[in-house]
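*Asks:* I'll drop the sequence and a predicted model, then ask my questions.
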Amino acid sequence: MDWFSLALLCAFALATTDAATKAWLRDYSARELSLVRLGVTGVILAPLLSDMAPLSGLPAAFWGWIGALVPLEIAAMLLYMKAIRDHPLSLTVPYLAFTPVFVMLTGFLMLGERVSTRGALGILLVVAGAWLLNLKRADLTDWRGWVRPLAAIVSNPGSRLMLGAALLYSLTSAMGKGAMQYMAPEHFGAFYFVLLGIAAVVLFALPQPRILHRVWRRPWAVLAVSLLNAGMVYTHFLALQLVEVAYMIAVKRTSLLVGILYGALLFRERGLARHSLGGGIMLGGVFLILL
């Protein structure tokens, strides 16, 4: 399967995982959700490690990438879970479109990857789409009202949380590909999430052992969310190996439009037409980055 198809599958799995998390695990704390989407996902992916080469042959550079990745990934997951749990999907998920914008810089600095000059126009479209998402805040009779939504991106708690997650994910996406130079992608995703799961248990469960019992209060929902998330992880790293990071993440962010539809259909979130237009403009910017 080509990288584009894998990235689209990854996008659909991500949006569905987010919607399932919000629908079935809404009363879970950010730490409990992190244990589900890191720890349980790691357990599900662990069988893929059965035929992996011995870890003793991996160089110090690989472990350097991993050592930097794990804390950043956990921090990003905490921000991400709090954003989608406590705030409308339509005003949080679209801001993940900023990840490929950030990746253009992190991919260049860490991996030497370059994107075309069309990326500049793509950035403008992403920002314009984000502005449109907050247009209802503007007083259109006053010119200052037209720029006020840009400030609302920072002031809105859910948007601010997701922007922080987008920035961290731009770092982990580039760093993950750096680490994947030393391990096959079908093994790396599983290995990485097993490590993340162990780290999440150490950070969240050891200080509060009862949290593990609380996580399993809805076993079937937890398993469903984790299976969807495992599919996202597997396709993510397969696609990432085949193309520049910014391009793969750009296609993965098509999940934002699926997320907007889920928000309207499942959670009765209002403003679908305006949110779809804003999300579509952001998506247009993402595809310009892809091109």
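*Replies:* Good, I have the coordinates.

*Asks:* Assign residue 62 to helix, strand or coil.
*Replies:* Using DSSP: H, G, I helix; E, B strand; the rest coil, the structure places residue 62 in helix.

*Asks:* Where in the protein is the helix or strand with the lowest mean pLDDT?
*Replies:* Lowest by mean pLDDT, DSSP states H and E among the helices and strands of the chain is helix 143-155, with a mean of 62.

*Asks:* for this protein, what are the low-confidence residue spans?
*Replies:* Counting by pLDDT under 70, the ranges of the chain that qualify are 89-90, 127, 130-131, 133-153, 271-275, 290.

*Asks:* Next secondary structure after the least confident helix or strand of the chain?
*Replies:* helix 157-179 (DSSP states H and E).

*Asks:* helices and strands around that next one, which ones?
*Replies:* Where contact means 3 or more C-beta pairs under 8 Å, 6 or more residues apart in numbering; DSSP states H and E, helix 157-179 is packed against helix 60-86, helix 98-111, helix 143-155, helix 185-200, helix 219-240, helix 245-252. To be clear about C-beta, it is placed using only N, CA and C from the backbone, and glycine gets the same treatment.

*Asks:* what inclination does the first one have with respect to helix 185-200?
*Replies:* Compare the direction of helix 60-86 with that of helix 185-200 by axes from the mean of the first three to the mean of the last three C-alpha atoms, to 10 degrees and you get 70 degrees.

*Asks:* how about helix 60-86: buried residues?
*Replies:* Neighbour-count burial for helix 60-86 flags 62, 65-66, 69-70, 73-74, 76-85 (criterion: 16 or more other C-beta atoms under 10 Å).

*Asks:* The fourth one too?
*Replies:* In terms of neighbour count (16+ other C-beta under 10 Å), helix 185-200 has its buried residues at 185-197, 199-200.

*Asks:* Okay, residue 80 and residue 114: tell me how far apart.
*Replies:* From residue 80 over to residue 114 the distance is 28 Å, taken as C-beta to C-beta, to the nearest Å.

*Asks:* ok, now residue 50?
*Replies:* Taken as C-beta to C-beta, the span from residue 50 to residue 114 is 38 Å.

*Asks:* Neighbour count: these two, which is higher?
*Replies:* When residue 50 and residue 114 are compared on other C-beta atoms under 10 Å, the one with more neighbours turns out to be residue 114, at 12 against 8.

*Asks:* With just CA atoms, put the one helix or strand residue 259 maps to into PDB.
*Replies:* Assessed by DSSP H and E, residue 259 sits inside helix 255-267. This file holds the C-alpha atoms of helix 255-267, laid out as PDB (Å, rounded to 0.1, in the frame of the first residue of the first chain):
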ATOM      1  CA  SER A 255      -8.800  13.700  10.400                       C
ATOM      2  CA  LEU A 256      -9.900  17.200  11.300                       C
ATOM      3  CA  LEU A 257     -12.800  17.300   8.900                       C
ATOM      4  CA  VAL A 258     -13.900  13.800  10.000                       C
ATOM      5  CA  GLY A 259     -13.700  15.100  13.500                       C
ATOM      6  CA  ILE A 260     -15.900  18.100  12.700                       C
ATOM      7  CA  LEU A 261     -18.500  15.700  11.200                       C
ATOM      8  CA  TYR A 262     -18.400  13.400  14.200                       C
ATOM      9  CA  GLY A 263     -18.900  16.500  16.400                       C
ATOM     10  CA  ALA A 264     -22.000  17.500  14.500                       C
ATOM     11  CA  LEU A 265     -23.500  14.000  14.000                       C
ATOM     12  CA  LEU A 266     -22.700  12.400  17.400                       C
ATOM     13  CA  PHE A 267     -22.500  15.300  19.800                       C
END
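
*Asks:* in that helix, what's buried?
*Replies:* Within helix 255-267, the residues that count as buried by 16+ other C-beta under 10 Å are 255, 256, 257, 258, 259, 260, 261, 262, 263, 264.

*Asks:* so which of these comes closest to residue 218?
*Replies:* Closest approach between these and residue 218, by C-beta to C-beta: residue 262, at 19.2 Å.

*Asks:* I'd say that closest one and residue 17 touch.
*Replies:* No. Residue 262 lies out of contact with residue 17 (C-beta atoms under 8 Å); the separation is 10.6 Å.
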